[in-house]
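> coordinates only, no sequence provided:
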């Protein structure tokens, strides 16, 4: 890799590209019957913070007949050097071109990483389009939350995995090895794999236009009409990375990630994760505590982060946190809770164990009025929030960050006023709680609502960009206050995200054109080029608005109907109705089943572990 | 005393600190921590290496809460350090010890550079001699305020020689390494490219071969 050695001194953060990290696995190439390159379509520091990567890496490398190596999106300076010198995209472990692997696996965490997927394929020297790939090309597969509406990428990905990848990947590799041994061709292998539950092979389906909706139907016999998501049934028994790779240069989340729970049933109606990861499955305290000890020993981290969609909802959280703290604090190891609920319990727990007293706390009331919070089913009352803020300020925190969304269904001026009012009230609480005036700060971060597939809001339009702009300026004017810092997500980015989130197969051409025009790393504001995206849409005779700001018929088909999350469409429609009537829906872990359908449909049960103190109660 | 080479060359100084800390934790060494809300291990490193430069004899002090034999310490760390970092030797610290940073006064380097056309030994020697005979050698450094700063590195070049080896030019240099009058290896590289008249081309492979106390004309390795 002499070329690489020549390039590294010329680029920023070269440690992104060197590999050689602790716990990286470099297996003997010739001994593996199936070789997988996992590509995270963003830079190293982002990708290495993704738990899924570590789980799949561990899972595959545990198999004697398989190996997995990693690659990430290069920063533009590195990409320029690679292209200039003809260095194809390579893996960090063996520095081999990713095109030499049997399977290339992408995770799709965010719509705005799609251009990086195309760019990675191109940098690897692999045709970006499925139809142009020959027998010597690797299979290109993808999973992750965006696979729940795979259509915008259907032209580029040979095979999607719907649901939790660790459940499917083993079967995929087994079937690959078997079919490869039998000398099957690429189309035969894809047809064979399409029979595996949770696998969607887009080339075996076609789109049918029905009332302006491009729905997807099988193009041949033997493939399922609907692809049902796969999921882990028992989190205690599901694979976890016993020896996670320790990034050599600081990752976004540079700490030990210990997953405590999958799923969240609070039922916030805008939140896709809250629907596609159902039902809630908690890991037992015993497993959490022993896995944490094992992984601390194998990594040397000084901080444990308990991961889930909503960690303070993990039933045994208090006991587990205290047990971890008492076991590891003496060695200088801290425990952190990545997401805090706005209640007293969460604050007190954080105060008790959080080793690093971060200057700020973050809460997500999402909407400015109780009415709108009921519409989105966000169960936080103003009273709770203010009380929590008071506890936080009195416990020594002096900055609070509040997350809000604008453009939510049924939003009025009053709701925008509510955001400003709530921010000021929190500021007042801070003043009254005796936070030194010089340090008191309330940050208000305002994003734009993006309707997501498989949620009750999947049929609804995003606000037109002009309306979003007006709302942003309206709100900005009302948040002008010394100790309040307001920031707004870029409206054009939210527009593109919404277009791809609920898009259909026609968007493949737009994406390809946008990539050709130079779109890359769109999640990075310094690289996002809305002009190029608009041009790409325009050249295909389309607009982002006709996807993002579209209202779908609640009784009609949807472009992602062939993907089955287990949650019934009927339930989502009923939730939308309740939402518009201002009715909240309870959390099923409280005992009342709202009937989302996931448990009967997937033959699975919610798994709640008892609370109490650990290890005493073990 | 440790080596930083291979992929570890590209670790920043902060990355290196974390690598040592994590290796020590994995090795189960009894690290001493600072007091306070955010305790961190008591570790000190001599002059940071620029990203991309290898180090053959680098130094770090690590405080422990219980004594561990030097050989055992080195072995335990070596079993837990990532690729490219290797402890060469460990020694016990006296109860009171000066900071490593304050000890370092000089560093020696080798720089391997490509040449655009074949060059001879005599040409290299003449070029080095001419460079050293200058009263001042000004190089520009990027900074924050002002954006560019011009510094004279001549007083900080204690020794410089060059030879031809396998089509490449290999320089050996001793440079001042201290808070005042510090000369970075990149500064010297810039001066060589700008003033030596030699047809030097990248890649430039830089290695720091030693860190020294102030021994007057002599060099005294931090550990003697």
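Perfect, thanks for sending it. The shown structure was predicted, so the numbers you read here are calculated from the model rather than taken from an experiment.
> so the nearest residue to residue B:199 once chain neighbours are set aside versus residue A:304, what's the distance?
In space, and not counting its chain neighbours, residue B:199 is closest to residue B:116: 3.8 Å by CB to CB, 6 or more residues apart in numbering or on different chains. (Each C-beta comes from the backbone N, C-alpha and C, glycine too.) From residue B:116 across to residue A:304, the span is 54 Å (CB to CB, to the nearest Å).
> between those two, which one's more packed in?
Set side by side, residue B:116 and residue A:304 show more neighbours around residue A:304, with 26 against 9, by other CB atoms under 10 Å in any protein chain shown.
> hmm, the helix or strand containing that one touching chain B?
Using DSSP states H and E, residue A:304 falls within strand A:303-307. No - no part of strand A:303-307 sits near chain B under the criterion CB under 8 Å from any CB of the partner chain; the closest distance found is 10.6 Å.
> that strand: how far from the chain's middle?
Centroid displacement of strand A:303-307 relative to its chain, using CA atoms, centre = their mean, to the nearest Å, is 17 Å.
> any buried residues in the very next helix or strand once past that strand, and which?
As assigned by DSSP H and E, the chain's next helix or strand after strand A:303-307 is helix A:317-328. By neighbour count on 16 or more other CB atoms under 10 Å in any protein chain shown, the buried set for helix A:317-328 is A:317-325, A:327-328.
> what residues does chain B have near chain A?
Going by CB under 8 Å from any CB, the residues of chain B near chain A are B:6-8, B:10-12, B:14-15, B:18-19, B:21-26, B:28, B:31, B:33, B:37-41, B:51-52, B:80, B:82-84, B:202-204.
> try it again with 7 Å
Within chain B, the positions adjacent to chain A are B:6-8, B:10-12, B:15, B:22-23, B:25-26, B:31, B:33, B:37-39, B:51-52, B:82-84, B:203 by CB under 7 Å from any CB of the partner chain.
> show me which of those are buried.
Counted by 16+ other CB under 10 Å, the residues of chain B next to chain A give B:7-8, B:10-12, B:15, B:22-23, B:25-26, B:31, B:33, B:39, B:51-52, B:82-84, B:203 as buried.
> next, residue B:209: secondary structure please.
Under DSSP: H, G, I helix; E, B strand; the rest coil, residue B:209 falls in the strand class.
> same question for residue A:419.
Quick answer, by three-state DSSP: residue A:419 is helix.
> got a list of what it touches?
A:368, A:404, A:475 (CB atoms under 7 Å, 6 or more residues apart in numbering or on different chains).
> filter these down to the ones near chain B?
Within those, nothing lies near chain B by CB under 7 Å from any CB.
> inside helices: which ones of the residues you listed?
Among the contacts of residue A:419, the ones falling in helices (DSSP state H) are residue A:475.
> out of the contacts of residue A:419, which is nearest to residue A:151?
residue A:404 (30.3 Å; CB to CB).
> domain map for chain B?
B:2-102, B:104-221 (automatic domain parsing).
> residue A:520 is nearest to which of those domains?
Once the domains of chain B are compared by CB to CB, domain B:2-102 is nearest, at 22.9 Å.
> quick one: low-confidence residue ranges for chain B.
Across chain B, the ranges flagged by pLDDT under 70 are B:37, B:215-219, B:224.
> and residue A:422, that one's in a strand?
No - counting by three-state DSSP, residue A:422 is not part of a strand but helix.
> confidence score at it?
As summarised for this prediction, residue A:422 has a pLDDT of 96.
> quick check: it vs chain B, distance?
30 Å (CB to the nearest CB, to the nearest Å).
> and the residues of chain B next to chain A, which of them are in strands?
Residues of the residues of chain B next to chain A located in strands (DSSP state E): residue B:203.
> who wins for most neighbours among the contacts of residue A:419?
For the contacts of residue A:419, counting by other CB under 10 Å, the largest number of neighbours falls to residue A:368: 26 neighbours.
> by how many degrees do the strand holding residue A:304 and helix A:317-328 diverge?
Angle between the axes of strand A:303-307 and helix A:317-328 is 160 degrees (criterion: axes from the mean of the first three to the mean of the last three CA atoms, to 10 degrees).
> mind checking the pLDDT average for strand A:303-307?
pLDDT averaged over strand A:303-307 gives 93.
> residues in contact with it?
Residues contacting strand A:303-307 (CB under 7 Å, 6+ apart): A:51, A:253, A:255-260, A:292, A:296, A:324, A:333-338.
> what about 10 Å?
The contact list for strand A:303-307 (CB atoms under 10 Å, 6 or more residues apart in numbering or on different chains) reads A:51, A:253-262, A:283, A:288, A:292-293, A:295-296, A:311-312, A:314, A:317, A:320-321, A:324-325, A:327-328, A:332-339, A:353-356.
> and residue A:401, what are its bridge partners?
residue A:362, residue A:443 (DSSP bridges).
> ok, now how distant is it from residue A:335?
21 Å.
> who has more neighbours, these two?
Between residue A:401 and residue A:335, residue A:335 has the larger neighbour count (other CB under 10 Å), namely 27 against 16.
> adjacent strands (with direction) for the helix or strand encompassing that one?
Here residue A:335, judged by DSSP H and E, is contained in strand A:334-336. Note on strand A:334-336: by DSSP bridges, its sheet partners are strand A:303-307 (parallel).
> span of stretch A:91-103 from start to end?
13 Å (CA to CA, to the nearest Å).
> buried stuff in it?
In stretch A:91-103, counting by 16+ other CB under 10 Å, buried: A:91-94, A:96-99, A:101-103.
> in chain A, what helix or strand scores lowest on average pLDDT?
helix A:344-353 (a mean of 76; mean pLDDT, DSSP states H and E).
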